[in-house]
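**Student:** This is the structure alone, sequence omitted:
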């Protein structure tokens, strides 16, 4: 029993320390201003994905071993469905924007004219 407790405690400590280091690293990179904005954003994105994986493994216990395979498959399915909804929505909005065919100035003028009409 004590061995299992120590193993679990060590897992939580390692997870907490790695999440803390990734968070502090992201903060330091964001506040340093040492590199270009695009590079800083790319580095922060990589650190965010690493932190997501860290928290999924250490705190939610999602891995491909033992009894947690079902939870992992459910989580992956959920992520895929979320991506379908988000990408589909962006695709539809982009398509509508293309089909409208108005410049931002023409759209603003049209909206102002509609606003003057009232309800």
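**Tutor:** Structure's in. What do you need? It should be emphasised that the depicted structure is a prediction, and the values quoted were computed from it without experimental measurement. Numbering: from 1, shown residues only.
**Student:** what sits against residue 63?
**Tutor:** Under the criterion of Cβ atoms under 8 Å, 6 or more residues apart in numbering, the contact list for residue 63 reads 57, 72. Quick note: C-beta positions are derived from backbone N, CA and C, even for glycine.
**Student:** Same question for residue 8.
**Tutor:** Applying Cβ under 8 Å, 6+ apart as the definition, residue 8 turns out to have no contact partners.
**Student:** rerun at 10 Å
**Tutor:** Contact criterion Cβ atoms under 10 Å, 6 or more residues apart in numbering gives residue 61 as the residues in contact with residue 8.
**Student:** do residue 107 as well
**Tutor:** Applying Cβ under 10 Å, 6+ apart to residue 107 gives the contacts 97, 100-101.
**Student:** Quick check: which ranges of the chain have low pLDDT?
**Tutor:** 1, 119 (pLDDT under 70).
**Student:** now the contacts of residue 107 as JSON lines including distance to residue 3?
**Tutor:** JSON lines is the format used below for the contacts of residue 107 (distance: Cβ to Cβ, whole Å):
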{"residue": "97", "distance to residue 3": "60"}
{"residue": "100", "distance to residue 3": "65"}
{"residue": "101", "distance to residue 3": "69"}
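**Student:** so how many other residues sit close to the residue nearest to residue 71 when sequence neighbours are not counted?
**Tutor:** Nearest non-adjacent residue to residue 71, counting by Cβ to Cβ, 6 or more residues apart in numbering: residue 62, 5.8 Å away. Per other Cβ atoms under 10 Å, the neighbour tally for residue 62 reads 18.
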